[in-house]
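1. Generate a structure from the sequence data that follows.
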Amino acid sequence: MGGKIRVLVVDDSAYMRVVLKDMLESNGNIIVIGTAKDGVEAVERAKSLAPDVILLDIQMPKIDGIATLKRIMKEAPTRVVMLSAMDKMDDQLPLRALEMGAVDFISKPSGPVSIDIVNFTDRISQVVVEAASTRVDALRRTMTPVPHQLRPPKPEKIQHKVIVIGASLGGPRALEFIIASLPKGLPAPIFIVQHLPSEFSQSFAKRLSAAKGPHVELAEEGLRPEKGVAYVAPGGKHLKLSWKGASSLLMRLDDGDPVNFVKPSVDVLFKSAADSLGESVLAIVLTGMGEDGTSGALAVKNCGGRVIVQDEATAVAPGMPKSVLDAGAADKVVPLEKIPEEIVKFLEE
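-> Numbering: from 1, shown residues only. Predicted coordinates for the structure are as follows:
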């Protein structure tokens, strides 16, 4: 994308529209080309202005943010970042928005005075810049999971195998598709790192579990993983795997420093899996920006495990998979819809 990132700001508060415009334009790579006060105006201006990114408030009059997003993705497909105050929001709304095609979401600071959001200038600018680099065609792409079509592998072929998955921007939709496409009763646990704020961790795990594939829950300190269950790293904690004695694999939650500027980090999970289980690990790197997962994928590969990355055509943000591929750590590049099949194949071997 050449030139400045062209942004449409949508918020029912005139004050917030001014604040957001000033905040975004403090980044020299961003220009606000228009504003809208409600969903009706937002759809009209998305069509007439063709912005690169829309910053869209979830709570608005006339048409709420979710309904507005649905119309925008149908009538004027654009990269949309959702914005709202956490104290007024159902924590499922941002996850619904991501499922419907939003690139990302960011929370306004809670409290009666929204001026505190000025402190989040760098964060909002970063989200908009990252959103501008995502693929609109991948955001629009709809895939219908075909659940329970894959036969679970025979348990006798499994010896402490584990699946570890890392994702960031665009990851919630990809993960929901994968979980919904997997059969119940997989004879191995799945461990997931998805970059999300901590306040959404529980609702994200519940949403994945509702996909009707394997049961999904939040990882817990000292918990022994069960086969056939997927565990999501809680926001703000690194997830590690380690042995207690010769036969008890345990989950550990680490409150150490961010790695690759994030916590939880894909690298931390992958490296601990490589150290603990070596060739019994299948590591999968999904859509996302940056390099988180690259050194962890190399660790898995060097220990004899297998690494799969999502292909560029189906990734909303291909940065993370491409980084792994460029590092020579990927054994295979596959489209999103083939990843559940690859998981079962690995477990059948």
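2. how's this protein carved up into domains?
-> Using automatic domain parsing, the domain parsing of the chain gives 5-133, 155-348.
3. so which of the ones you listed is the most packed in?
-> Highest mean neighbour count of the domains of the chain: domain 155-348, a mean of 21 (counted as mean count of other C-beta atoms under 10 Å). Using the backbone N, CA and C atoms, a C-beta is placed for each residue, glycine as well.
4. could you give me the average pLDDT of that one?
-> On average, the pLDDT along domain 155-348 is 94.
5. from the middle of its chain, how far away would that domain be?
-> 12 Å (C-alpha atoms, centre = their mean, to the nearest Å).
6. Verify the stated contact: Ile54 with Asp11.
-> No. Between Ile54 and Asp11 there is no contact under C-beta atoms under 8 Å: 11.1 Å.
7. Can you show me the helices along the stretch 1-150 of the chain?
-> Along the stretch 1-150 of the chain, counting by DSSP state H, counting those that start in this stretch, helices occupy 14-25, 39-49, 65-75, 93-99, 121-132, 136-140.
8. circling back to that earlier point, between Ile54 and Asp11, which contacts overlap?
-> Overlap between the contact sets of Ile54 and Asp11, as judged by C-beta atoms under 8 Å, 6 or more residues apart in numbering, is nil.
9. Specify the beta-bridge partners of Arg306.
-> Per DSSP bridges, the residues bridged to Arg306 are Leu282.
10. Now do the contacts for it.
-> Val281, Leu282, Ala283, Val300, Asp331, Lys332, Phe346 are the contacts of Arg306 under C-beta under 8 Å, 6+ apart.
11. What distance do you get for the first one to Ile308?
-> Spelled out, it's Val281. According to C-beta to C-beta, to the nearest Å, Val281 and Ile308 sit 11 Å apart.
12. Please apply the same query to Tyr231.
-> Going from Tyr231 to Ile308 by C-beta to C-beta gives 19 Å.
13. Kindly report the same for Glu199.
-> Separation of Glu199 from Ile308 (C-beta to C-beta): 30 Å.
14. Where does pLDDT dip in the stretch 1-150 of the chain?
-> 1-2, 86-90, 109-119, 143-144, 146-150 (pLDDT under 70).
15. ok, 80 please
-> The model of the stretch 1-150 of the chain has pLDDT under 80 over residues 1-2, 61, 85-92, 108-120, 140-150.
16. can you tell me the helix or strand for the residue lying closest to Pro145 once chain neighbours are set aside?
-> Leaving aside its chain neighbours, Pro145 sits nearest to Ala180 (3.6 Å; criterion: C-beta to C-beta, 6 or more residues apart in numbering). Secondary structure assignment for Ala180, by DSSP states H and E: helix 171-181.
17. what packs against that helix?
-> Counting contacts by 3 or more C-beta pairs under 8 Å, 6 or more residues apart in numbering; DSSP states H and E, helix 171-181 packs against helix 93-99, strand 162-167, strand 190-194, helix 201-209, helix 339-348.
18. Need the ones you listed in TSV (columns: distance to Ile66).
-> TSV is the format used below for these (distance: least, C-beta to C-beta, whole Å):
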stretch	distance to Ile66
helix 93-99	6
strand 162-167	22
strand 190-194	21
helix 201-209	15
helix 339-348	28
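19. With Val81 as the reference, name the closest of these.
-> helix 93-99 (9.4 Å; C-beta to C-beta).
20. Need the contact partners of that closest one.
-> Contact partners of helix 93-99, identified using C-beta under 8 Å, 6+ apart, comprise 58, 65-66, 69, 80, 82, 84, 102, 104-105, 172-173, 176, 200, 203-204, 207.
21. likewise stretch 202-213?
-> So stretch 202-213 is in contact with 91-92, 95, 145, 147, 172, 175-176, 178-184, 192, 194, 196, 215-218, 230, 232, 234, going by C-beta under 8 Å, 6+ apart.
22. again with stretch 328-338
-> Against stretch 328-338 from outside (C-beta under 8 Å, 6+ apart): 143, 174, 177-178, 181, 285-286, 294, 297-298, 300-301, 306-311, 313-315, 321, 324-325, 342.
23. please redo it, this time with the cut-off set to 7 Å
-> With C-beta atoms under 7 Å, 6 or more residues apart in numbering as the test, stretch 328-338 has contacts from 143, 174, 177, 294, 297-298, 301, 306-311, 313-314, 324-325, 342.
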